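**Q** Any chance you can model this:
(3 chains)
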Amino acid sequence: MQTVKHRWKDRLQRVLITTLVWTPPIGLIVLPLAGFLAYSFFALDNGEIVHRFTFGNYIRFFSDAVFVPQFLRTCLLAAGVGVITLLAAYPVALLLWSLEGRAKHLMLVLFVIPLLMSYILKIFSIRAILGGRGYLNTLLMAAGVITEPTPFLLFNLTAVFLTLSIILFPFTLLPLFVTLERIPKALIQASSDLGGAGWLTFRRVVLPLSWPGGVIGASFTFVLALGDFVTPQMVGGPTGLTFGRIVYSQFGLAYNWPFGSALAVILMAAVLAVLALAARIGRSQGGPP
Amino acid sequence: MTLTKRLTISLLGAIAVAVTAGLHAAEAKELRILTWQGYADDDWVAEFSKANDAQVKVVYAQTDDEIWSKIKGSDGADFDLMSVNTSELQRYVDAGLVQPHDMAKLPNQKGTLPQFNDLTKVGGVGRDGKIYGIPFAFDSIGLIYDTNKVSPAPDSINILWDPKYKGKILAYDASAHNFSYGALAAGIDHPFKLSADEFGKVKQKLIDVQKNILSYYQSADEALKIYQTNDVALIFANFGHQQLTGMLKANAPVKYVVPKEGALAWLDTWNITKGCKDKDLAEAWVNFVIQKKISQALTDRNGFGNTVTPLTGDDPNQKLVWLLPVEDFQKRSDLWNEVKAAAQQ
Amino acid sequence: MGAIDITAPAAANQRQAPLSMSRPLLVLEGIEKGFGGAQVLHGIDLTINDGEFLTVLGASGSGKTTVLRLIGGFTEPSAGRILFEGADIVSVPAYRRPVNTVFQDYALFPHLTVAGNVAYGLEARGTARDVLRPKVAEALERVALKGFDARYPSQLSGGQRQRVALARALVLEPRLILLDEPLGALDAALRRQMQVFLKQLQREIRTTFLLVTHDQEEAIVMSDRICVLDAGRIAQIGTPHELYYRPASEYIARFFGDNNLIEGRLGPSAAAVRFVETAAGRLMVSTKDQSDVAEAPTGTPVKIALRPEAIQVAPGSEFENHLSGTIRDVTFAGAISQIVIQPSGETARPLTIKLASRAAGLGLSRGQPISAGWRSADCRILLR
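**A** As a prediction, the model looks like this:
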C-alpha cells in the first residue's frame, strides 16, 4: 500500500518537474514562433487582420521587386560581417589564449564588457567617432591625411557594415576563444615536439581544432546582423535599408502583421539553415562524424 | 404632541430637504475631461472650478488609441470633454461619438488669431457646416536651417532637393508624412488623398531627395546629436518648435521656417462627447481656455503654438496644412520601402 | 605492489647488465627550477647514457615531470645547463631538439587519422611523400598497428592510442625518446604487457629512452637505471638491483616495496660487518660498500632494511641473524605467502616474511611459535 502510494507520488513529481522544465521554452519560444507562422498565412484587409488561410504574403515576397534583392543584399552584408569579425577575432583570440592568469582575465573582460553596454549607447559612440566632425575625422585632419572632413565614414552601408562588425565582434570572439581554451596544451606541445614551429602548429593543429568554434561564433554574428534593424537605421543614412528594417516597418509602422510575420518566418528559415550548418561544422571537430 | 411641536418638526424637515436638494444640485455640476498633459493644468482647473462652482475631473491620455478606446468603449458616456487632433477627429465624427459646438457659447473664439477665427475655413474641425473641434494647440513640421550654411533664408521646401546640400540634410523616417510632404513639394494641394498618378510622381520626387539626405533620425535629441558631429545644413523638423527650442538651447545657430508650399501641422482641438452631461459647463471650459491668458501660458509652458497669441517670429500668413487621415497607410508604407530600396541602387 | 613481481627482476636484470657503451648522451648540470617562488628542482645533476633506458621515478610533486619538460624544451631551467652530446640546448626550441616525447594521455591530434598523426613530424620536416609513406607504415607495423592508418584516435582503445603516440615519436628516429607516464591510463594487465613491449622495442631500435613514472614496479621491470627524485632532489641513482637491494636511505627503502625497517643503534664493528642493537636483540649487518656506516660512531640511531623474501623460517647455522617469536598472521597470495611474526622482545616491531607457497601448505598457523633468520649480506644499515 505504502509503495503504491509512493510510486504514485513519484510519478506526480516527475510530471510536475517535466511540466516546469518545458513550460518556459514552450510558452516563451515555441508558442510565439508558432504564432508568427500562423499569422504569416493571414491577410490584411483595410488595416484589419483577416483570419483566412492564404499564401499571399509569401507570393508577394517572391514576386515583388523589392524584397528578394533586399533579402539577398542583407544576407551578403551579414555574411560579410561574420567573415570580417572572424578574421579579426582570430588574432585577438590567439592573443587572449596565449596570455596567462590575471592578464588573460583582464583582457577577456575588456573585450567582453561592451556586451554589457547598451546597444544604443554603443551606436551613439560609434557615430561620434565616425561623424563628419567626429573624432576620426579630426584625427585624420590633425595627422594631415585629409584636408577636409570626409563624410563617407558615416551614414552609408559601409558604416552599417563597420558598426555591426564592431558591435557584434564579441559574439564571434567568445565561442572561438572558448574552443581555443578547450584545445589541450599538450597538443600544442606535441606539435612542437614533433618539429612543428609556430606557424605550422597554428595551421595544422590550432586552426583545424578551433575553426568550428570560429564558425559558430561567426554564424551567431551573422544571425544577429541579419535581423538587426537599429544599426541600419542609425548609421545607414538613406542607403541603410536592410531586410531587418523592412520587417520592422511591417510591424512598427505599417501594422501589416501578416506580411511582417511572413518576412520574419523567411528570415527565421535563413537563420535556422545557417545555424544548422554551423552546428554540423561544430560537430565535425575531433575526427569522424 | 402639541401643534407647535409638530410644526417645528415639519419646518425642520422641510429645511433639511431643501438643503439636501441644494447640496445635491451643487454636486451635480461636474466636468469630466480626457485630455493631454499640459492642456488642463492645476491652476487653470482651480480657477475654473471656483468661477463656475463646478468639480473638474481630469484624466490624462498617453496615446491617441487610448482616447479612442476610452470614448468608444463607453460610447462617449464616461467623459464630457476630450481633446484630439484634426486627423483623429474624423473617426469620432464618423462614429457619431462627438457633438457639434454651440458657437454662441464661445465668445472668446472671436478673439483668436485670423487663421483660426473662421472655423469653417480650418480643415478638419468641421463637417457639413457644423464645428466639432475648437482649435487649442498646434505645431508645424517645418524646416530648421543652419544660418551659417543656408543663406538667404529658404522659403521653399524644394531647397531639400538642391544639390548644393547633398549629404547635409536630416530627414524623419515616417512614410505617411514623407509622402504628404513630397506631395506639397510637387505642388499637389491635397496631400492626404493621392491618386495613383500622383503617387508615382511623389515617389520619384522622394527617390530624388534620398541622395541629399545624410541620415534619418527618430527623436529630436538624436537629430541634435547628429547635427553636432556632422555637417548638417537643413533638418526636416518633425518635432517642430520643440525641436527648435532644444537646438537653440544647445547654442546651435539655427532658425525655423514654414515653407511657402505649406507645412504639415497637427492641431489639437476640444471636443464635446456624445454622452456629455453638462454641455454648458463643457462649453464654458472651452471658452475659458481659449482666452489669451491661458493660451499664452500654454505656449510659455510647452512651446506649442496657441490659437490666440502668435508665436514669436512666426509669419502670421504662414500656410499650415492640418493633418488628415491618409488615403492608404499600407500603400504609403510599402512605397516608402521601395523608395529606400531604390536609394541603394 | 604485487609481491609476485618483485622476485622476477633479478633475473631480468642480470641478463641486460649495464650496456657497454656508457657514452653520455644528455647531461643535466646543476639544474634549478622554480615556479613563482616555489622551488621544484634543486641542483639536479643527471647523465643519460646513449642507448640506456633510464627512469626518473618519484611521487607526484617530486619534480619528475619537470625534468622531462626541461629536456623536451617545454620549459626552461632557472639555472644550470642541459648538454646534448656536449652542446648546451637550453635555448633550443622544442621543435628543433633531437628528442621526442610520448605524452601522458598521448596528446594525439583528434582531427588527424592514425597515419596523419604518425606522419605529422615527418611532414613538419618536409619529408617527401614517397619517403614518408613507407616510414609511417613501418612505424605502425613496429607498434603492431598495421591496417589502422585510416582510423581516428577516438576510434581506438587506450592501448592502441598509446602505441600510436609511440609510433609518432619513433618514426622521427630521435636520439632520445621521453615517455611521460605512458602507461598510467592503462589497466594492470595491459600495463604489464606494454612494459615488456616497450623494453623489447627499446632494445631493438637501440634508442635511448627516458621514462618518467611514479610506479616503482614499472621502473624496476623496464629500466637499465633508475633515478629516484624526492622533493626536487635526487635521492639515489642506480640499477634497479642496486636500488632494490642497496637502498641508500629510508626513503628509497620504503619506495621500493615492503622492506622491513628495524630500528636500532650502532654497535661494534667487525670485518665488513657491523652489529646493531635492536629490540629483537643484536643483529649483524654487512657494511660492504658502506664506508660511512663502518665509520659511524657507536650508538648512532639507524634502521636496518630487510627484504621480506630474505628471511628464512627455521634457519640453518649459515644465517648470522636469528630471532624467535610467534606467528601473528598468515596470508596466502598465490605464488608466495606472507607471514607476519611478532619477535619475542618486549618492544620489538612485527616482521613480514615472504615465502614461496607450496601445494601442501607451509604448515604455519597463527599463534604458532616460530624461529626466523637471515644473512648479514641480505640486510643493510640506513643512516638516513
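
**Q** Ignoring the adjacent residues along the chain, who's closest to B:Glu88?
**A** Nearest residue to B:Glu88 in three dimensions, chain neighbours excluded: B:Asp64, at 5.2 Å (CB to CB, 6 or more residues apart in numbering or on different chains). Every residue, glycine included, has its C-beta placed from N, CA and C.

**Q** Just confirm that neighbour contacts B:Val84, I think it does.
**A** Yes. The pair B:Asp64 / B:Val84 is scored as a contact, 6.8 Å apart, by CB atoms under 8 Å.

**Q** more neighbours, those two?
**A** Using other CB atoms under 10 Å in any protein chain shown as the criterion, B:Asp64 and B:Val84 rank with B:Val84 on top: 25 against 14.

**Q** Surely that one is in a helix?
**A** No. Under DSSP: H, G, I helix; E, B strand; the rest coil, B:Val84 sits outside any helix and is assigned strand.

**Q** That one bridge partners, please.
**A** Legend: beta-bridge partners of B:Val84 under DSSP bridges are B:Thr269.

**Q** Let me know the distance separating it from B:Gly133.
**A** Going from B:Val84 to B:Gly133 by CB to CB, to the nearest Å gives 7 Å.

**Q** which residues do the two both contact?
**A** The contact sets of B:Val84 and B:Gly133 overlap at B:Thr269, B:Asn271 (CB atoms under 8 Å, 6 or more residues apart in numbering or on different chains).

**Q** elements contacting the longest helix anywhere in chain A?
**A** Assignment by DSSP state H gives helix A:67-98 as the longest helix of chain A. Under the contact criterion of 3 or more CB pairs under 8 Å, 6 or more residues apart in numbering or on different chains; DSSP states H and E, helix A:67-98 touches helix A:56-63, helix A:101-116, helix A:157-182, helix A:207-227, helix A:243-248, helix A:257-283.

**Q** how does it look with 7 Å?
**A** helix A:101-116, helix A:157-182, helix A:207-227, helix A:243-248 (3 or more CB pairs under 7 Å, 6 or more residues apart in numbering or on different chains; DSSP states H and E).

**Q** Pull the residues that contact the helix or strand where A:Ala34 lies.
**A** Secondary structure from DSSP states H and E places A:Ala34 in helix A:31-39. For helix A:31-39, the external contacting residues (CB atoms under 7 Å, 6 or more residues apart in numbering or on different chains) are A:Trp257, A:Pro258, A:Ser261, A:Ala264, A:Val265.

**Q** and with 10 Å instead?
**A** With contacts defined as CB atoms under 10 Å, 6 or more residues apart in numbering or on different chains, helix A:31-39 is touched by A:25-26, A:49, A:51, A:53, A:57, A:257-265, A:268.

**Q** Repeat that for stretch C:120-137.
**A** Applying CB under 10 Å, 6+ apart, the contact partners of stretch C:120-137 are A:190-197, A:200-201, A:204-205, C:95, C:100, C:108-109, C:112, C:114-119, C:139, C:146-147, C:149, C:167-174.

**Q** at 8 Å what do you get?
**A** A:191, A:194-197, A:200, A:204, C:95, C:100, C:109, C:112, C:115, C:118-119, C:146, C:149, C:168-169, C:171-172.

**Q** A:Gly196 against A:Gln189, yeah?
**A** No. Using CB under 8 Å as the test, A:Gly196 is too far from A:Gln189 to be in contact (10.1 Å).

**Q** ok, the two, which is more surrounded?
**A** Using other CB under 10 Å, the more surrounded residue of A:Gly196 and A:Gln189 is A:Gly196, with 23 against 20.

**Q** re earlier: and the helix holding A:Ala34, how far from the chain's centre?
**A** Chain-centre distance of helix A:31-39: 22 Å, with CA atoms, centre = their mean, to the nearest Å.

**Q** what do you get for stretch B:178-189?
**A** 21 Å.

**Q** same question, stretch B:110-117
**A** Offset of stretch B:110-117 from its chain centre (CA atoms, centre = their mean): 16 Å.

**Q** got it, and stretch C:65-83?
**A** Averaged C-alpha coordinates place stretch C:65-83 at 21 Å from its chain's average position (CA atoms, centre = their mean).
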